[in-house]
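# I'll drop the sequence and a predicted model, then ask my questions.
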Amino acid sequence: MESINSQSSESNVLIDIKGLSRSFGKTKAVDDVSFTINRGDICAFLGPNGAGKTTIIKIMTGLLEPTSGEILYEGEAYNPNRLSLKRMIGVVPQHNNIDKELTLRENLHVHGLLYKMRGETLKNAIDKSLEFAGLLEHKDKPSGKLSGGMKRKLVIARALMHEPKILFLDEPTVGLDPLARRNMLAFLSKINRERDCTIFLTTHYIEEAEKLAEKVIFIDNGNIITQGTSESLKQHIGQFVLDIGDEELQQEFFAERAQALSRLGSLEGEPVSIRETTLEDVFLYFTGTRLTKHA
Ligand SMILES: Nc1ncnc2c1ncn2[C@@H]1O[C@H](COP(=O)(O)OP(=O)(O)OP(=O)(O)O)[C@@H](O)[C@H]1O
């Protein structure tokens, strides 16, 4: 596995994952995975269906035991039974696990009680979270009446109530229409900026990782393929690409546009086009398959 210029200084590391593995019978869902998440970053775990993303998020949030490996939160081993560590994290699972019969306020109330909030503190945390998510005006509606995008925001508002340092989101935009997806990405940026909250999300949408994340970690078949910033990953393989041929497309990568143009000039008679490298090209370069084909 390659780590490409991910620039994590020891003191800035919030979470340190070392040699994490998890098997289900003979299936190795996660196989010796190591990475760090820096304080304040948005970090995207990007990979096709079945790559191991949900398994890792479940292990990191204490819902699953790893077969082996270590997770350190601010240098301390993660123990889901310790309230102080549990308070550090907010979790948004892949499926909206809200009670549709309860109002928005009631859903958050139940969550607050679990985090030992009471009285005015609880009431204020509910109002603050709903307001931040733009849902305050709906607070007395049954949650089942919300749109898909609003239900997702409610789950996020609930996860933010106890002011976690890091928010985990498993495929936050799956099932949303394009407009709701765009709104969701803007909302996640706002959480990161205004709540000083580190974000770790899984996705199989390349453009989401590209738009949002400081650090992108590619995963396939339970292994980390490569990791780094979008820019460093693209620079590593070359910022410019020539697509050569039509049926059997071949790609050649170049650090400079001038080099790509010079090569293009030498390819007489072949269909060829020049463009900037994308994260999709990075996945293809390292795995030999397209991520969007899987998604
Ligand atoms: N509880 C389980 N029992 C058996 N196998 C499992 C279980 N959970 C996950 N797996 C297997 O582990 C592998 C990784 O699954 P995981 O759900 O972590 O992938 P994913 O990247 O999150 O995929 P998706 O995007 O489809 O959710 C898959 O082969 C899956 O079938």
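Sure, I can see it. Numbering: from 1, shown residues only.

# residues contacting the residue nearest to Leu104 when sequence neighbours are not counted?
Sequence neighbours aside, Lys139 is the residue nearest to Leu104 in space, at 4.9 Å (criterion: C-beta to C-beta, 6 or more residues apart in numbering). Bear in mind the C-beta positions are built from the backbone N, C-alpha and C, glycine included. Residues near Lys139 by C-beta atoms under 8 Å, 6 or more residues apart in numbering: 103-105, 126-127, 130.

# quick one: name the residues of the stretch 101-250 of the chain near the ligand.
Residues of the stretch 101-250 of the chain lying close to the ligand by C-beta under 6 Å from any ligand atom are His204.

# got any ranges where the chain has weak pLDDT?
Counting by pLDDT under 70, the chain shows low-confidence ranges at 1-10, 293-295.

# quick one, helices of this protein?
Here the chain has its helices, by DSSP state H, at 53-60, 83-88, 104-114, 119-132, 148-160, 178-194, 206-212, 230-237, 257-266, 279-287, 291-294.

# please identify the deepest-packed of those helices.
Across the helices of the chain, averaging neighbours per residue (mean count of other C-beta atoms under 10 Å) puts helix 53-60 on top, at a mean of 23.

# hmm, it in reach of the ligand?
Yes - contact of helix 53-60 with the ligand (C-beta under 6 Å from any ligand atom) involves 53-55.

# which helices and strands does that helix pack with?
strand 13-24, strand 27-38, strand 42-46, strand 166-170, strand 198-203 (3 or more C-beta pairs under 8 Å, 6 or more residues apart in numbering; DSSP states H and E).

# what's the distance between Ile166 and Ala125?
18 Å (C-beta to C-beta, to the nearest Å).

# so which residue of the stretch 101-250 of the chain comes closest to the ligand?
His204 (5.8 Å; C-beta to the nearest ligand atom).

# contacting residues around Ala125?
Counting by C-beta under 8 Å, 6+ apart, Ala125 touches 108, 112, 117, 161-162.

# I should have written Val174 there, sorry.
Gln94 are the contacts of Val174 under C-beta under 8 Å, 6+ apart.

# next one: phi and psi at it?
The phi and psi values for Val174, taken as degrees, to the nearest 10, are phi -60, psi 130.

# among the contacts of Lys139, which two are most distant?
Distance extremes for the contacts of Lys139: the farthest pair is Thr103 and Asp127 at 13.2 Å, using C-beta to C-beta.

# tell me which of the helices of the chain sits nearest to Tyr73.
Nearest to Tyr73 among these is helix 83-88 (5.9 Å), distances taken as C-beta to C-beta.

# contacts for the closest one?
Residues lying outside helix 83-88 but in contact with it, judged by C-beta under 8 Å, 6+ apart, are 62, 73-74, 76, 78-80, 115-116, 162, 164-166.

# CA atoms only: put it into PDB for me.
Presented in PDB, the C-alpha positions along helix 83-88 are these (Å, rounded to 0.1, in the frame of the first residue of the first chain):
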ATOM      1  CA  LEU A  83     -18.400   7.500  28.100                       C
ATOM      2  CA  SER A  84     -15.500  10.000  27.600                       C
ATOM      3  CA  LEU A  85     -14.400   8.200  24.400                       C
ATOM      4  CA  LYS A  86     -18.000   7.600  23.300                       C
ATOM      5  CA  ARG A  87     -18.600  11.400  23.700                       C
ATOM      6  CA  MET A  88     -15.800  12.100  21.300                       C
END
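
# give me the distance between it and the centre of its chain.
21 Å (C-alpha atoms, centre = their mean, to the nearest Å).

# which ones are touching the residue nearest in space to the middle of the chain?
In the chain, the residue lying closest to the centroid (C-alpha atoms, centre = their mean) is Leu201, at 1.9 Å. Contact analysis of Leu201 by C-beta under 8 Å, 6+ apart lists 42-45, 168-172, 188, 208, 212-213.

# of those, which is the most crowded?
Within the contacts of Leu201, neighbour counts (other C-beta atoms under 10 Å) peak at Phe45, which reaches 30 neighbours.

# so what's that residue closest to, chain neighbours aside?
For Phe45, the spatially nearest residue (C-beta to C-beta, 6+ apart) is Thr202, at 4.4 Å.

# contact partners for that neighbour?
By C-beta under 8 Å, 6+ apart, Thr202 lies in contact with 44-47, 53-54, 56-57, 169-171.

# separation between the nearest residue to Tyr285 once chain neighbours are set aside and Leu279?
The shortest distance from Tyr285 to any residue other than its chain neighbours is 4.9 Å, reached at Ile237 (C-beta to C-beta, 6+ apart). As for Ile237, its distance to Leu279 is 10 Å (criterion: C-beta to C-beta).

# with Asp41 instead?
Taking C-beta to C-beta as the measure, Asp41 and Leu279 are separated by 17 Å.
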